[in-house]
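S.K.: Sharing a model that was predicted from the sequence below.
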Amino acid sequence: MRALSTTRVAALLVVAFVAPLLAQARKEYQPPAGPTPRTAKGKVDFSGVWEKPYVPDMTKDGRNQKGFPDLPFTPWGEHEWKTYDAAEGDYTGACLPFGMTRSMNTPEPMQFMQSDTYLAFLFEQNSWFTVVPIDGRKHGDGIPTWFGDSVGHWEGDTLVVDTVNFNGKTRLDTIGHPHSDQLHLVQKFSRPDLGHLRYEVIVDDPKTFTRPWSNVRTLTLRPDWEMMEYSCEENNKDLWEGRIKVPKYKP
Amino acid sequence: MRMKQVIIGVVFLAAVTVVQVTAHHSFAAEFDADKPVTLSGTVTRLEWANPHIWIYLDVKDEHAGIQHWQCEGGAPNTLTRNGWSRNSLKPSEAITIEGWMAKDGSKSCNMRAVKLPDGRVVFAGSTGGDNPTPKP
């Protein structure tokens, strides 16, 4: 019998030892089981602290994340993507607001607090929040913002959050996929049981992409977690010591 | 001996891989994926504050001099949920850091893992999602 190469031995070790370790790590937490919670008025209640999959690259699949592998760039979008260099300016490193998609993409948890009128997105990342009316009202005509203008409505047991009026200064994900100020984001939330939240985000931006595309994720309820304070500015040595640059936005 | 190294490497990788990273900024904004670095030295200070912990390390160079390094790790919030605390590492402890050097040539690094003399791997969880995939 031919001796096993080091590479083969390493591969076998990965299968024999690492895969079970990873599987074990994933088995460590199971959310509580039970039916979908509802408000007094019968709407699905999304309240709770949720563990989100970390999605630094929305084209990639991951645990509890289905990505979109081949983004349908327009020529403008393709140019924005191919010329992006975070070393020339990283707005998140400068502690500027992440925006909606990058806040949803972070590995830090989030909390939803819900009333009949509002759903509050409380992001642990940088202690940011955005409060979304969910009573079916139309978009306002405010100034463009980092998180955009969000309104929600119910389609059966699915809450659909529609966001427009972005300022165009953010990136979709950590790796830097672009969007424009024409971004129209649709986020669909449902809660099939007590412990899980199904999340779909649809990216619709005709300046950057030739057609809409989406990610689908599962969030996990963490009643054992409390939200923690997160100051981005407290010890941001990367910025202070000049290793990260603030982007030069056009006025 | 070769086999032992492979096993240690694989287990070390597994310990690193299961820990979440933090996403405060892009890896590529600051660090060079083509400049991996391994630093063995003595801890002089630990800063346990968001958005990243920083470990300050004195490393002996080949001329018996001392180089003062600083290395960035994960967010304290994430590390706390992973079971670590500001007391998990103390000044004067001898450690080995594996990571990547900063692009600007300063003695700054991004940590992939910190290995204690007893073999435990602490504070793993480096910056961004565009950091390199660890290779065994």
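M.R.: Thanks, I have the structure now. Numbering: from 1, shown residues only, chains lettered A, B, ... in the order given.
S.K.: isn't A:Gln187 right next to A:Val161, touching?
M.R.: Yes: using C-beta atoms under 8 Å, A:Gln187 is in contact with A:Val161, at 4.4 Å. Where C-beta positions appear, they are placed from N, C-alpha and C, glycine not excepted.
S.K.: Kindly provide the distance from A:Thr36 to B:Ala102.
M.R.: 48 Å (C-beta to C-beta, to the nearest Å).
S.K.: ok, these two, which is more surrounded?
M.R.: For A:Thr36 versus B:Ala102, the count of surrounding residues by other C-beta atoms under 10 Å in any protein chain shown is larger for B:Ala102: 22 against 14.
S.K.: List the contacts of the residue lying closest to that one once chain neighbours are set aside.
M.R.: Nearest non-adjacent residue to B:Ala102, counting by C-beta to C-beta, 6 or more residues apart in numbering or on different chains: B:Ser108, 4.1 Å away. Residues in contact with B:Ser108 (C-beta atoms under 8 Å, 6 or more residues apart in numbering or on different chains) are A:241, A:243, B:69-72, B:101-102.
S.K.: Now the stretch 1-150 of chain A against chain B: closest residue?
M.R.: Here the residue of the stretch 1-150 of chain A nearest chain B is A:Pro56; by C-beta to the nearest C-beta that distance is 1.7 Å.
S.K.: Check whether that residue really touches A:Ile175, as I assumed.
M.R.: Yes: assessed by C-beta under 8 Å, A:Pro56 is found in contact with A:Ile175 at 5.8 Å.
S.K.: where does residue 12 land on pLDDT?
M.R.: In the absence of a named chain, chain A is used. Looking at A:Leu12, its pLDDT reads 48.
S.K.: was after chain B, sorry
M.R.: 39.
S.K.: again, but for the one 3 residues further on
M.R.: We have a pLDDT of 38 for B:Ala15.
S.K.: what do you get for A:Thr39?
M.R.: Looking at A:Thr39, the pLDDT reads 98.
S.K.: what's near enough to touch it?
M.R.: So A:Thr39 contacts A:45, A:114, A:116 (C-beta under 8 Å, 6+ apart).
S.K.: do the same with A:Trp50
M.R.: Neighbours of A:Trp50 in contact, by C-beta under 8 Å, 6+ apart: A:109-112, A:197, A:219-222.
S.K.: just checking, which of these belong to strands?
M.R.: A:110-112, A:197, A:219-221 (DSSP state E).
S.K.: and the stretch 51-200 of chain A, which residues reach chain B?
M.R.: A:54-57, A:85-87, A:90, A:92-93, A:95, A:102, A:105-108, A:124-126, A:173-176 (C-beta under 8 Å from any C-beta of the partner chain).
S.K.: okay, how far is it across stretch A:152-161, tip to tip?
M.R.: End-to-end distance for stretch A:152-161, by C-alpha to C-alpha, to the nearest Å: 4 Å.
S.K.: So for that stretch, mean pLDDT?
M.R.: 98.
S.K.: Next: stretch B:53-72.
M.R.: Per-residue scores along stretch B:53-72 average to 94.
S.K.: now check that stretch, is it near chain A?
M.R.: Yes: using C-beta under 8 Å from any C-beta, stretch B:53-72 reaches chain A at B:54, B:70, B:72.
S.K.: Same question for that stretch: list its buried residues.
M.R.: B:53-57, B:59, B:69-72 (16 or more other C-beta atoms under 10 Å in any protein chain shown).
S.K.: same thing with stretch A:198-217?
M.R.: For stretch A:198-217, by 16+ other C-beta under 10 Å, it's A:199-205, A:208-209, A:213-215, A:217.
S.K.: from those residues, which is closest to B:Leu46?
M.R.: A:Arg217 (34.1 Å; C-beta to C-beta).
S.K.: what's near enough to touch that closest one?
M.R.: A:52-53, A:55, A:64-66, A:198-201.
S.K.: Check A:Met227 too.
M.R.: With the criterion set at C-beta under 8 Å, 6+ apart, A:Met227 makes contact with A:49, A:109, A:111, A:122, A:124.
S.K.: before we move on, what SS does it have?
M.R.: Counting by DSSP: H, G, I helix; E, B strand; the rest coil, the backbone at A:Met227 sits in coil.
S.K.: Among the contacts of A:Thr39, which are located in strands?
M.R.: A:Gln114.
S.K.: Among the contacts of A:Thr39, which one is most surrounded by other residues?
M.R.: That'd be A:Gln114 among these, by other C-beta under 10 Å, with 19 neighbours.
S.K.: Not including adjacent chain positions, what is the nearest residue to A:Val111?
M.R.: You called it Val, but residue A:111 is Gln. A:Leu122 (4.2 Å).
S.K.: ok, that neighbour - how many residues close by?
M.R.: Residues near A:Leu122, counting by other C-beta under 10 Å: 16.
S.K.: I'd like to know how far it sits from A:Trp146.
M.R.: 16 Å.
S.K.: now do A:Glu200
M.R.: Distance from A:Glu200 to A:Trp146, by C-beta to C-beta: 22 Å.
S.K.: With A:Lys43 instead?
M.R.: On the measure of C-beta to C-beta, A:Lys43 and A:Trp146 end up 28 Å apart.
S.K.: In terms of packing, which of these two has more residues around it?
M.R.: Per other C-beta under 10 Å, whichever of A:Lys43 and A:Trp146 has more neighbours is A:Trp146, with 19 against 15.
S.K.: Now do the strands in the chain.
M.R.: Just going to use chain A. A:48-51, A:65-66, A:110-114, A:118-123, A:129-133, A:149-155, A:158-164, A:184-193, A:196-204, A:213-221.
S.K.: sorry, should have said chain B
M.R.: Under DSSP E, chain B gives strands at B:31-47, B:54-60, B:66-72, B:94-102, B:108-115, B:121-122.
S.K.: So which elements touch the third one?
M.R.: Going back to what we said before, that points to strand B:66-72. Applying 3 or more C-beta pairs under 8 Å, 6 or more residues apart in numbering or on different chains; DSSP states H and E, one finds that strand B:66-72 contacts helix A:237-240, strand B:31-47, strand B:54-60, strand B:94-102, strand B:108-115.
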